[in-house]
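Peer 1: sequence isn't available, so here's the structure alone:
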């Protein structure tokens, strides 16, 4: 499966500066007021096209902010008087845009968390990702904006009065360069990120019926918790009418250290259930024989405040339990149904196992009954 292109150019929120760049360039050819009107119109058209494009909406918050600032300047243009001194529009626009960029960056955690709390579907998740991308774009703009104002301060301190060439470079050339460089470096960062993530593992996003409706990075199962449903494979092991249980890893997302069935993993994006089961068995029991064949039993939806899963439960019955003697399974042993029932509901077992126990018991009892007959 191809993992290239983790982030598309749609996440380059600095593209939202294009209406501002166009206004700055046009002000050298037409009046400042007209340049602002055109930039505002381009921004509004851009927002309209963004909201009506096919597919999932990736909101460009930078475009919204830039268009909003241009709209405010357009309204100011209706007021009599020179609200922007002649020739000062490029620097005015730069400052007008960098101020909300600074506010956005200073409150980035609150901004991102606002959308994280509202995640309710695959599409809503893109709002949180768009917020994160907007913060990155704001950072690039601030870096180049700060460099610009440092250069202005140095030149003004060393050259008084400023030459005509210096004024043109500092006040007319550099402002659009700030936004162009922000866009360029943002795109370079996206390409670099995609290169680093080219071998990153993905997990599918599914609905309660098991239909794949998207994908996400496997690590997002930790970050977004129960925001969307991921498929999980679980394999129970029985032998001699008992269940083999062990402690869950202490780095597990759910129920750290609690007693549970021995094998569990996320299904990978593009992977079939059979492939996922084989991968899980090979990782847990690399020396398992061909007779070790888990059988699918049930699929059910499990959700709490920590995780959101569509669980595919498999059971494998073995005769020789010596294969289970591996350091991978911590505090492992065979449990009789009586022992399990004596500890149920006491916070000893994992949440999933307590939901699955009655079904596992029925399946194993039926197998043992027919085996005896």
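Peer 2: Cool, got the structure. Keep in mind that this is a model prediction, so the values were computed, not measured.
Peer 1: could you use CA atoms for every contact and neighbour count after this?
Peer 2: Fine.
Peer 1: which residues of this structure fall in helices?
Peer 2: Using DSSP state H, the helices of the chain run over 18-26, 32-51, 61-77, 89-106, 108-116, 122-158, 164-168, 174-196, 220-223, 273-284, 337-343, 351-372.
Peer 1: for residue 263, find the nearest of those helices.
Peer 2: Taking Cα to Cα, helix 273-284 is the member of the helices of the chain nearest to residue 263, at 7.1 Å.
Peer 1: residue 229 contacts residue 210, correct?
Peer 2: No: look at residue 229 against residue 210 with Cα atoms under 8 Å: they stay out of range, at 9.2 Å.
Peer 1: mutual contacts of the two, please.
Peer 2: Here residue 229 and residue 210 have residue 310 as joint contacts, going by Cα atoms under 8 Å, 6 or more residues apart in numbering.
Peer 1: of the two, who's got more company?
Peer 2: Neighbour count, other Cα atoms under 10 Å: between residue 229 and residue 210, residue 229 has more, with 26 against 18.
Peer 1: just the pLDDT for the more buried one.
Peer 2: Per-residue pLDDT puts residue 229 at 90.
Peer 1: circling back: rank the helices of the chain by mean pLDDT and give me the bottom one.
Peer 2: Among those, helix 220-223 carries the lowest mean pLDDT, a mean of 64.
Peer 1: in a markdown table: the helices of the chain, plus distance to residue 300.
Peer 2: As requested, the helices of the chain are exported to a markdown table (distance: least, Cα to Cα, whole Å):
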| stretch | distance to residue 300 |
| --- | --- |
| helix 18-26 | 48 |
| helix 32-51 | 36 |
| helix 61-77 | 38 |
| helix 89-106 | 42 |
| helix 108-116 | 26 |
| helix 122-158 | 20 |
| helix 164-168 | 67 |
| helix 174-196 | 34 |
| helix 220-223 | 18 |
| helix 273-284 | 15 |
| helix 337-343 | 22 |
| helix 351-372 | 9 |
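Peer 1: out of those, nearest to residue 203?
Peer 2: With respect to residue 203, and counting by Cα to Cα, the nearest of the helices of the chain is helix 220-223 at 8.5 Å.
Peer 1: gap between residue 129 and residue 283?
Peer 2: Noted for residue 129: a distance of 33 Å to residue 283, by Cα to Cα, to the nearest Å.
Peer 1: the two: which has the busier surroundings?
Peer 2: Shown here are residue 129 and residue 283; by other Cα under 10 Å, residue 129 has more neighbours (18 against 12).
Peer 1: against residue 340, how distant is the more buried one?
Peer 2: Separation of residue 129 from residue 340 (Cα to Cα) stands at 44 Å.
Peer 1: residue 126 contacts residue 60, correct?
Peer 2: No: at 10.5 Å, residue 126 does not count as touching residue 60 under the criterion of Cα under 8 Å.
Peer 1: between these two, which one's more packed in?
Peer 2: The residue with more neighbours, out of residue 126 and residue 60, is residue 60; 24 against 19, by other Cα under 10 Å.
Peer 1: how many residues are close by the nearest residue to residue 217 once chain neighbours are set aside?
Peer 2: Excluding its sequence neighbours, the residue lying closest to residue 217 (Cα to Cα, 6 or more residues apart in numbering) is residue 202, at 4.5 Å. Using other Cα under 10 Å, residue 202 is surrounded by 21 other residues.
Peer 1: next: residue 281.
Peer 2: A count of nearby residues for residue 281, using other Cα under 10 Å, gives 19.
Peer 1: kindly report the same for residue 341.
Peer 2: Residue 341 sits with 12 neighbouring residues when counted by other Cα under 10 Å.
Peer 1: what distance do you get for it to residue 67?
Peer 2: Residue 341 is 64 Å from residue 67, by Cα to Cα.
Peer 1: now residue 46
Peer 2: From residue 46 to residue 67 the distance is 9 Å (Cα to Cα).
Peer 1: what of residue 276?
Peer 2: Distance from residue 276 to residue 67, by Cα to Cα: 48 Å.
Peer 1: these two: who's more crowded?
Peer 2: When residue 276 and residue 67 are compared on other Cα under 10 Å, the one with more neighbours turns out to be residue 67, at 27 against 17.
Peer 1: let me see the contact set for residue 311.
Peer 2: Residue 311 sits in contact with 231-234, 299-302, where contact means Cα under 8 Å, 6+ apart.
Peer 1: quick one: pLDDT of the residue nearest to residue 217?
Peer 2: 80.
Peer 1: list the buried ones in stretch 54-62?
Peer 2: The neighbour-count check on stretch 54-62 (16 or more other Cα atoms under 10 Å) flags 57-62 as buried.
Peer 1: roughly how far apart are residue 369 and residue 240?
Peer 2: According to Cα to Cα, residue 369 and residue 240 sit 12 Å apart.
Peer 1: more neighbours: the two, which one.
Peer 2: A count of neighbours by other Cα under 10 Å puts residue 240 above the other of residue 369 and residue 240, at 14 against 11.
Peer 1: so that one touches residue 319, yeah?
Peer 2: Yes: using Cα under 8 Å, residue 240 is in contact with residue 319, at 7.0 Å.
Peer 1: among the contacts of residue 311, which are in strands?
Peer 2: 231-234, 299-302 (DSSP state E).
Peer 1: can you say which of these are buried?
Peer 2: Buried members of the ones in strands among the contacts of residue 311, scored by 16+ other Cα under 10 Å, are 231-234, 299, 301-302.
Peer 1: for residue 57, give me the pLDDT.
Peer 2: 76.
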